[in-house]
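Chemist: need a 3D model of the following:
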Amino acid sequence: MWQLFLGSLLLGLIHPLFPNHWIPLIAISKTEKWTNKETIVATLITGFSHTLSTIIIGIIVGFVGIKLSENYSYITRIAAPLILVTLGIIYLLLDLRSTHHHHHFELDNETLKNRKSRTAIIFTLCIGMFFSPCIEIEAYYFQAATQGWIGILLVSVIYLIMTLTIMVALVYLGLKGVNKFNSHFLDHHEKAITGAVLILLGLLAYFVEF
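Modeler: From the prediction side, this is the model:
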């Protein structure tokens with residue numbers, strides 16, 4: 001179980017570091033002249049929306065995994081790590097072919113110029129985040145299913161806590177002007193980093209007994 005915990009922790013740590021999770025919130029906050037408190041609240045709301053959809057899909061994936069484990073345990077023992085490694089390779093290949101990065105959410109300049117209400121902006125962000133679940137986490141739910149509902153609950157809780165905590169921390173530091181590091185590499189190589197982590201977790205799951 002500790003391997004599952006460490007894997008969840010690693011994904012939960014790396015996932016929200018990508019700039020598309022927090023830089024737009026800082027930009028919108030400065031444009032709309034939100035207070036720090038308003039921005040943190042907006043971060044928590046949008047971050048929760050993002051994690052909620054990911055967890056919902058993850059539970060469905062986990063349920064399928066549990067059913068397979070009950071009847072074909074030898075298949076899931078191989079299939080779960082294989083899915084992680086395969087998805088990791090796909091992410092690496094996509095990164096090699098990609099010349100641009102995606103955003104979980106963004107508002108165009110015209111929208112910001114219109115000075116929409118804070119509630120409307122947050123609602124728009126929530127919609128964008130909710131319909132952008134993170135596939136790399138979903139794949140890990142299949143691995144978590146080998147531990148039953150306890151494993152699924154563990155991944156869900158760690159993912160939720162880590163995502164919200166790191167998003168809030170990065171947004172807060174950005175508002176304070178402390179977070180000045182160059183995010184160019186993370187911004188343009190999200191798929192490569194994600195792919196490498198998934199391959200590592202897949203190999204760990206296969207060669208180390210849970």
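Chemist: next, give phi and psi for the nearest residue to residue 149 once chain neighbours are set aside.
Modeler: Among residues not flanking residue 149 along the chain, residue 66 sits closest, at 7.1 Å (C-beta to C-beta, 6 or more residues apart in numbering). To be clear about C-beta, it is placed using only N, CA and C from the backbone, and glycine gets the same treatment. Here is the backbone geometry of residue 66 (degrees, to the nearest 10): phi -60, psi -40.
Chemist: how many residues are close by residue 66?
Modeler: Applying other C-beta atoms under 10 Å, we find 19 residues neighbouring residue 66.
Chemist: and if you look at residue 207?
Modeler: 8.
Chemist: check residue 55 too.
Modeler: 22.
Chemist: any buried residues in whichever strand or helix holds it, and which?
Modeler: Taking DSSP states H and E as the criterion, residue 55 maps to helix 36-71. Residues of helix 36-71 classed as buried: 39-40, 42-43, 46-51, 53-55, 57-59, 61-62, 65-66, 68-69 (neighbour count, 16 or more other C-beta atoms under 10 Å).
Chemist: do stretch 165-173 as well
Modeler: Buried-residue list, stretch 165-173, by 16+ other C-beta under 10 Å: 166, 167, 168, 170, 171, 172.
Chemist: mind checking how far it is from the chain centre?
Modeler: A distance of 14 Å separates the centroid of the chain from that of stretch 165-173, by C-alpha atoms, centre = their mean, to the nearest Å.
Chemist: cool, and stretch 197-206?
Modeler: Relative to its parent chain, stretch 197-206 has a centroid offset of 17 Å by C-alpha atoms, centre = their mean.
Chemist: just for the chain, where's the confidence low?
Modeler: Residue ranges of the chain with pLDDT under 70: 70-77, 98-116, 178-191, 205-206, 208-210.
Chemist: mind listing the helices for it?
Modeler: With DSSP state H applied, the chain shows helices at 2-14, 23-32, 36-71, 73-97, 109-113, 118-130, 135-144, 148-175, 184-188, 190-207, listed in chain order.
Chemist: would you mind listing the buried residues in the second one?
Modeler: The neighbour-count check on helix 23-32 (16+ other C-beta under 10 Å) flags 23, 24, 25, 26, 28, 29, 32 as buried.
Chemist: got it, and the fourth one?
Modeler: For helix 73-97, burial by neighbour count (16+ other C-beta under 10 Å) applies to 76-77, 79-85, 87-88, 91-92, 95.
Chemist: farthest-apart pair in the residues you listed, please.
Modeler: Put simply, by C-beta to C-beta the two of the buried residues of helix 73-97 set farthest apart are 77 and 95, 29.0 Å from each other.
Chemist: follow-up on the earlier one: can you give me how far the helix holding residue 55 is from the chain middle?
Modeler: With C-alpha atoms, centre = their mean, you get 9 Å for helix 36-71.
Chemist: packing partners for that helix?
Modeler: Helix 36-71 makes packing contacts with helix 23-32, helix 73-97, helix 118-130, helix 135-144, helix 148-175 when contacts are defined by 3 or more C-beta pairs under 8 Å, 6 or more residues apart in numbering; DSSP states H and E.
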